[in-house]
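J.: Sharing a model prediction with you, sequence too.
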Amino acid sequence: MMTLLKLFSIFLPWKLKRLFLIKFFSYQIHPSARIKFSWIFPKMLIMQEGSEIDHFNTAIHLDEIKMEKYSVIGRGNWITGFTTYEKSSHFKHQAIRKSSLLLGESSAITKNHHLDCTSPITIGRFTTIAGYNSQLLTHSIDLIENRQDSHPISIGDYAFVGTNVVILGDATLPSYSVLGAKSLLNRSFQQPYTLYGGVPAKPIKNILENAKYFHRTEGFVY
């Protein structure tokens, strides 16, 4: 029955679809928010003013997606995880784990990226996950304990993530920083105004604090 409701909803005009999702799925969707032709069914969806999900996205097996004001998910992204409400022996050692995606105000995920949100992925304000084919992977296997394991990913405010990167669980990209194209971020960094890059990523050089990207008042870069 639930699958039929989901199939029915994706073909509705947006104004009707929004009301349908609020009534039958208890989602919180601002009147100015919008979901285009996409399969978006986390346990809870919160979309604040002006937030948008473009065509051909899939978001399933998540506890929550929260999109703050004017945040955007572009086309063709695969966003998934492993929910905490399913009965399973996987991740039972992580009692406080939450499968979630949080997009800060005016942040953007462009297109054709893969986000594994088995543990939380947090993307800060005015941050861009740019280009194509990046993988943000919170979930892996603990070889020592021989079990499924997951760790959160944190990306700060006004950060820029280049194309075709890999970011692993427990990694942090600090605010006001850049992760270069094709890099592997597998640890936590704290220094802002820095270009990180390489496999694995490391600090490469400082970035001017007055760079205009770091002082935007609109998310979209013209």
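T.: Happy to help now that I have it.

J.: Go through the host helix or strand of residue 24 and flag the buried ones.
T.: Using DSSP states H and E, the element containing residue 24 is helix 14-25. Of the residues in helix 14-25, those scored as buried under the neighbour-count criterion (16 or more other C-beta atoms under 10 Å) are 17-18, 20-21, 25. In this view, the C-beta of every residue, glycine as well, is placed from N, C-alpha and C.

J.: And stretch 196-203, by the same measure?
T.: So for stretch 196-203, counting by 16+ other C-beta under 10 Å, buried means 196-197, 201.

J.: Put together a markdown table for those residues, with secondary structure, distance to residue 178 and pLDDT on each row.
T.: Listed next are the buried residues of stretch 196-203 as a markdown table, based on DSSP: H, G, I helix; E, B strand; the rest coil; distance: C-beta to C-beta, whole Å; pLDDT from 0 to 100:
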| residue | secondary structure | distance to residue 178 | pLDDT |
| --- | --- | --- | --- |
| 196 | strand | 7 | 98 |
| 197 | strand | 8 | 98 |
| 201 | coil | 10 | 98 |
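
J.: and of those residues, the nearest to residue 144?
T.: Distance from residue 144 was checked for each of the buried residues of stretch 196-203 by C-beta to C-beta. The minimum falls on residue 201, at 24.1 Å.

J.: quick revisit: closest one of the buried residues of helix 14-25 to residue 8?
T.: Nearest to residue 8, judged by C-beta to C-beta, of the buried residues of helix 14-25 is residue 20 at 7.9 Å.

J.: does the residue nearest to that closest one when sequence neighbours are not counted sit in a helix, a strand or a coil?
T.: Setting aside the residues directly before and after it, residue 20 is nearest to residue 9 in space (C-beta to C-beta, 6 or more residues apart in numbering), at 5.1 Å. Local secondary structure at residue 9 is given as helix here, using DSSP: H, G, I helix; E, B strand; the rest coil.

J.: Got the confidence number for residue 9?
T.: Listed pLDDT for residue 9 reads 91.

J.: again with the one 5 residues further on
T.: Confidence at residue 14, expressed as pLDDT, is 96.

J.: please begin residue numbering at 5 from this point
T.: Got it, the first residue is 5 from now on, which makes the last one we talked about residue 18.

J.: show me the contacts for residue 34.
T.: Each residue near residue 34 by C-beta atoms under 8 Å, 6 or more residues apart in numbering is listed here: 51-55.

J.: Now render those as CSV, adding distance to residue 93, neighbour count and secondary structure.
T.: Shown next, in CSV, are those (distance: C-beta to C-beta, whole Å; neighbours: other C-beta atoms under 10 Å; DSSP: H, G, I helix; E, B strand; the rest coil):
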residue, distance to residue 93, neighbour count, secondary structure
51, 33, 26, strand
52, 36, 18, coil
53, 41, 14, coil
54, 41, 18, coil
55, 35, 25, coil
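
J.: of those, closest to residue 91?
T.: Ranked by distance to residue 91 (C-beta to C-beta), the contacts of residue 34 are led by residue 51 at 28.8 Å.
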